[in-house]
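**Student:** I would like to see how this sequence folds:
(chains A and B)
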Amino acid sequence: DAKTTQPPSMDCAEGRAANLPCNHSTISGNEYVYWYRQIHSQGPQYIIHGLKNNETNEMASLIITEDRKSSTLILPHATLRDTAVYYCIVRVGNTDKLIFGTGTRLQVFP
Amino acid sequence: DTEVTQTPKHLVMGMTNKKSLKCEQHMGHRAMYWYKQKAKKPPELMFVYSYEKLSINESVPSRFSPECPNSSLLNLHLHALQPEDSALYLCASTTTGGLSPLHFGNGTRLTVT
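**Tutor:** Model prediction:
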């Protein structure tokens, strides 16, 4: 199964961009990368996903390296409400299996 | 609010009790999941149902028994649990065979005494 590794924690000033890295060096060609976040006591919330092209939606941007071995989630203007644990996940092949990595705890400070 | 509803929100049970966790979605999703999450840890996959059939069991102990009575409902039956089974149990759903993201409920916080 593809695995992901993320830094355990990061800080970001409010209003600045938060760049959260994820390493998925064993990813296969047809495995998508998904990003979720989890605020305390709630279920994980979907943010964005991609295969090999960069993606953007109203919440964030996803930059995937050309070799697909890593990706970066960008929150362009972080707010205090973005304080959460962010998970990078790789779907296992064409299965229904999604395995969470250890996640990054992002703290946004005023 | 989420589109995946889990009940109850909190549950306290003794080691000899039998209880059930329930999950419901009305998005037409045909894949439904149970995850277990211990404090300060990522969610761990337990079971996946696809078209009401169990497709993935991540070697979960038999004291946890999943059931998918129809495409909208997912249950997790609990019996003879241990205190170390205390955790947040999360349900999720998505389309099958596709690439859509999971939709999660807010979980049931289970305490085993």
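
**Student:** Pick out the residue closest to the middle of chain B.
**Tutor:** Within chain B, one residue has its C-alpha closest to the average C-alpha position: by C-alpha atoms, centre = their mean, that is residue B:34, at 3.2 Å.

**Student:** quick one: low-confidence parts of the chain?
**Tutor:** Answering for chain A, as no chain was given. Across chain A, the stretches falling below the confidence threshold (pLDDT under 70) are A:1-2.

**Student:** my question was about chain B
**Tutor:** Judged by pLDDT under 70, the stretches of chain B that qualify are B:1-2, B:97-98.

**Student:** Around chain A, which positions in it sit nearby?
**Tutor:** If contacts are counted using C-beta under 8 Å from any C-beta of the partner chain, the residues of chain B sitting beside chain A are B:2, B:4, B:31, B:33, B:35, B:42-45, B:48, B:50, B:55-56, B:90, B:92, B:94, B:96-97, B:99, B:101-107, B:109. C-betas here are computed from N, CA, C, even on glycine.

**Student:** Strands - which of the residues you listed land there?
**Tutor:** Among those, the ones falling in strands (DSSP state E) are B:4, B:31, B:33, B:35, B:44-45, B:48, B:50, B:55-56, B:90, B:92, B:94, B:103-104, B:109.

**Student:** are any of the residues you listed buried, and which?
**Tutor:** B:4, B:31, B:33, B:35, B:44-45, B:48, B:50, B:56, B:90, B:92, B:94, B:103-104, B:109 (16 or more other C-beta atoms under 10 Å in any protein chain shown).

**Student:** Please name the nearest non-neighbouring residue to the residue of chain A at minimum distance from chain B.
**Tutor:** Of all residues in chain A, residue A:43 sits closest to chain B, at 3.4 Å by C-beta to the nearest C-beta. Taking C-beta to C-beta, 6 or more residues apart in numbering or on different chains as the measure, residue A:43 lies nearest to residue B:104, with 3.4 Å between them; neighbours along the chain are not counted.

**Student:** Please apply the same query to residue A:24.
**Tutor:** residue A:4 (4.8 Å).

**Student:** My read is that that neighbour contacts residue A:86, right?
**Tutor:** No: because the distance of 11.2 Å does not satisfy C-beta atoms under 8 Å, residue A:4 is recorded as not touching residue A:86.
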